[in-house]
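>>> need a structure here:
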Amino acid sequence: MPDKEKRGSGRIRLLLVDDEVGFVDVISKRLSKRNIDVTQALSGIEGIQALRGQDFDVAILDLKMEDMDGIEVLRIFKKMVPEMPVIMLTGHGSEKAANEGMAYGAFDYLTKPYNLEELVEKIQEAAGQGR
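The predicted structure is shown next:
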């Protein structure tokens with residue numbers, strides 16, 4: 001069972017959905033150094049396709065994307081894999097939207113810009129809950 005081997009190694013499988021290419025590249029590199037395998041999706045559609053193709057321990061989802069609203073993507077994720085924790089990312093002033101995400105089953109949210117260590121802690125906490 002390759003799934004159990006991967007989990008045994010302690011690496012967290014993360015789906016990162018955000019349409020800011022530079023942000024996604026930088027965060028992916030920084031998280032991969034912290035024992036997190038990152039799959040990048042640069043749109044809501046790519047995120048949904050990635051989730052169809054493999055299993056993840058946690059997803060990080062930006063609320064504001066060009067192709068789809070983050071809340072819409074969250075609702076689809078929760079129908080596909082109800083037990084997968086989703087952390088919402090939002091810009092300042094969007095706490096109302098983040099709270100809406102929480103109502104639809106998001107695990108938690110962070111406002112941008114955020115502290116990387118805080119993000120890593122939330123990912124680890126969410127992965128622990130989802131497993």
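
>>> stretch 34-42: how far from the chain's middle?
Per Cα atoms, centre = their mean, to the nearest Å, the displacement of stretch 34-42 from the mean C-alpha position of its chain is 9 Å.

>>> using PDB, write out every CA atom in it.
Presented in PDB, the C-alpha positions along stretch 34-42 are these (Å, rounded to 0.1, in the frame of the first residue of the first chain):
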ATOM      1  CA  ARG A  34       9.300  21.500   5.700                       C
ATOM      2  CA  ASN A  35       8.300  18.000   4.900                       C
ATOM      3  CA  ILE A  36       5.300  18.900   2.800                       C
ATOM      4  CA  ASP A  37       4.700  17.600  -0.700                       C
ATOM      5  CA  VAL A  38       3.000  20.400  -2.600                       C
ATOM      6  CA  THR A  39       0.800  20.000  -5.700                       C
ATOM      7  CA  GLN A  40       0.200  23.300  -7.400                       C
ATOM      8  CA  ALA A  41      -3.100  24.400  -9.000                       C
ATOM      9  CA  LEU A  42      -3.200  27.800 -10.600                       C
END
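
>>> mind listing what's buried along it?
Neighbour counts over stretch 34-42 (16 or more other Cβ atoms under 10 Å) mark 36-42 as buried. In this view, the C-beta of every residue, glycine as well, is placed from N, C-alpha and C.

>>> hey, where'd the strands end up in this protein?
Applying DSSP state E to the chain gives strands spanning 12-17, 36-41, 58-62, 86-91, 108-112.

>>> quick one: low-confidence residue ranges for this protein.
Within the chain, the stretches with pLDDT under 70 are 1-9, 92-94, 130-131.

>>> isn't residue 80 up against residue 50?
No - Residue 80 is beyond contact range of residue 50, at 10.8 Å (criterion: Cβ atoms under 8 Å).

>>> neighbour count for these two, which is higher?
Per other Cβ atoms under 10 Å, whichever of residue 80 and residue 50 has more neighbours is residue 50, with 17 against 11.

>>> the longest helix in this protein is where?
Counting residues, the longest helix found in the chain (DSSP state H) is helix 116-130.
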